[in-house]
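Participant: Return atomic coordinates for the entry below.
(one chain, ligands or ions: 3)
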Amino acid sequence: MLPKIEKISVQKQNISTAVLFQSFESLSNYPEIDVDYLEEKLAKETDWTIFKQPLVYFFHHSKEGKEHSFQLEAARQAGSKFYDVLKNEKVTLLQITGNSCDELTLAFLEGLLLSGYSFSKYKKEKDDFVPSEIFVLDDEVSENQIAELQTLVKAVFYTRNLVNEPLSYLTATRFSEEMEKMGADAGFTVEVFNKKKIEALRMGGLMAVNKGSIDPPTFNIMEWKPENALNERPVVLVGKGVVFDTGGLSLKPTAKSMDYMKCDMAGGAVVAATLYAVAKNKLPLHVVGLVPATDNRPDGNAYVPGDVITMFDGTTVEIKNTDAEGRLLLADALSYAKKFNPELVVDVATLTGSAEIITGSQALVAMGNSAENLQKLKKVGDEIYERMIEVPLWDEFAKPLKSNIADLNNLGVREAQTSIAGKFLEHFTDFSWMHLDIAGVAFLQEKDSYRPAGGTGFGTRLLYHFLKKFN
Ligand code: BES
Ligand code: ZN
Ligand code: ZN
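Facilitator: Ligands and ions are numbered 1, 2, ... in the order given. So this is what the prediction gives:
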């Protein structure tokens, strides 16, 4: 699903072309272009236009004056538009001529590549389209940057594939097998704890959620530890791996709720794919990924409201709602993370429906105890346009999580649920930590530019770029 990409130093003739430019004056290099006509066409709202003659010429005017992050995003979206045109016209060979700004050219290319995704594994009539080869003409763009981008796009596609796979394929065991394949490809290690081991370790949160399932849970540990790692203590990423969330006995209604809950392992997919990108691009950083995985189902032996469970760290939790399952298995993974003496832990999870109420599909909801890292993440998120909104973790949010008969209850109250769920997780941390709730952004009902309907991969580009800048 990825085209071949080659850097060139001389413009090719007789080939469809995208021209990225920041000023109309710079177009004087192209004597064949009627600049006045182009300026007129672009005077309206849009920043791109096409000519077909019969080769496709696509012009993207990158407007200065806009905040840089918006300018980059405009380039990505133009790249996505260009993809649509190529697909319609069945153009398989093309060149992109940049304007000597590596960031804008790469953003345009990124939007184009990310748009070439499709999940057609189960379809007889596939409508995939990927150009066969793209030539990039921009002195500022290096071959390494292109290779890095290709790997990152591949990682995003891994995330999307994993999220789009239904439970009929992606059980917890299969999810582990997929992580093992990714590890073998990229060179990170993967250790999978089976049900017996999980029971022996007394991971009570993961075990409780799995009680109603006929399929066993897994607990997955991925590690990338290069010799040239700059950090002494690892960054640990924790991902929610609920391969399907029916709600359990606190059953979800089907329409617009349970029907897309195959996406509930998106956090785990982001963690696995981030390790893939980090390892494949050989970042000099020690990174560990932890993904507790199971489905959440009602059954004869399912956990019930009123149960009291004992978590991996010994905390007791009164279950008030079996649909608040994510925090239970994440809490066990967070406690387990202590073993690594981490410099920072970041968990990623489709945790609360109210995260979607806060951000729609525009941003994830972040919180944590490390203002410095939240600040860094926000900056990276703006640049790559996987943005975040921070919500507080005030002490008052811990109150609804008290229980008369146990240390905590797993529900709290409806109001401020996203923070309350974060507050529950915070109980299991004694390290520098961020919690990213991706419930609003992991899965789209409708395509939005270079983000397809279904799994979006949101979070993978963000964590990769965050880690790249970590030291
Ligand atoms: N998996 C859901 C959250 C979710 C909602 C993910 C929408 C993606 C899109 C989670 O396990 C859940 O059911 N949360 C409940 C918590 C409540 C019972 C406290 C929710 O948000 O309603
Ligand atoms: Zn749930
Ligand atoms: Zn869930």
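
Participant: make it CA atoms for all contacts and neighbour counts henceforth
Facilitator: Will do.

Participant: Residue 265: what's it in contact with?
Facilitator: Neighbour list for residue 265: 163, 239, 240, 241, 242, 243, 244, 293, 349, 350 [criterion: C-alpha atoms under 8 Å, 6 or more residues apart in numbering].

Participant: try it again with 6 Å
Facilitator: Contacts for residue 265 were tallied using C-alpha atoms under 6 Å, 6 or more residues apart in numbering; they are 240, 241, 242, 243.

Participant: Check which helices and strands the lengthiest strand in the chain is in contact with.
Facilitator: Ranked by residue count, the top strand of the chain under DSSP state E comes out as strand 287-296. Applying 3 or more C-alpha pairs under 6 Å, 6 or more residues apart in numbering; DSSP states H and E, one finds that strand 287-296 makes contact with strand 218-224, strand 235-239, strand 241-245.

Participant: Give the partner strands of that strand in its sheet and their orientations.
Facilitator: Using DSSP bridges, strand 287-296 pairs in its sheet with strand 218-224 (antiparallel), strand 235-239 (parallel), strand 241-245 (parallel).

Participant: any chance of the ones you listed in TSV, plus distance to residue 175, mean pLDDT and mean neighbour count?
Facilitator: Conversion of the strands paired with strand 287-296 to TSV gives the following (distance: least, C-alpha to C-alpha, whole Å; pLDDT from 0 to 100; neighbours: other C-alpha atoms under 10 Å):
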stretch	distance to residue 175	mean pLDDT	mean neighbour count
strand 218-224	9	99	24
strand 235-239	12	99	28
strand 241-245	8	99	30
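
Participant: out of these, nearest to ligand 2?
Facilitator: Closest of the strands paired with strand 287-296 to ligand 2 is strand 241-245, at 5.6 Å (criterion: C-alpha to the ion).

Participant: Alpha carbons of that closest one, as PDB, please.
Facilitator: In PDB, the C-alpha atoms belonging to strand 241-245 read as follows (Å, rounded to 0.1, in the frame of the first residue of the first chain):
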ATOM      1  CA  GLY A 241      -6.100  -3.800  24.400                       C
ATOM      2  CA  VAL A 242      -9.800  -4.600  24.700                       C
ATOM      3  CA  VAL A 243     -10.300  -6.400  21.400                       C
ATOM      4  CA  PHE A 244     -14.100  -6.000  21.800                       C
ATOM      5  CA  ASP A 245     -16.100  -4.200  24.400                       C
END
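
Participant: quick one: average pLDDT of the following helix or strand past it?
Facilitator: Along the chain past strand 241-245, the next helix or strand (assigned with DSSP states H and E) turns out to be helix 266-280. The predicted model assigns helix 266-280 a mean pLDDT of 99.

Participant: ok, and what's touching helix 266-280?
Facilitator: Counting by C-alpha under 6 Å, 6+ apart, helix 266-280 makes contact with 152, 155, 159, 163, 186, 239-241, 291, 348-349, 460, 464, all of which sit outside it.
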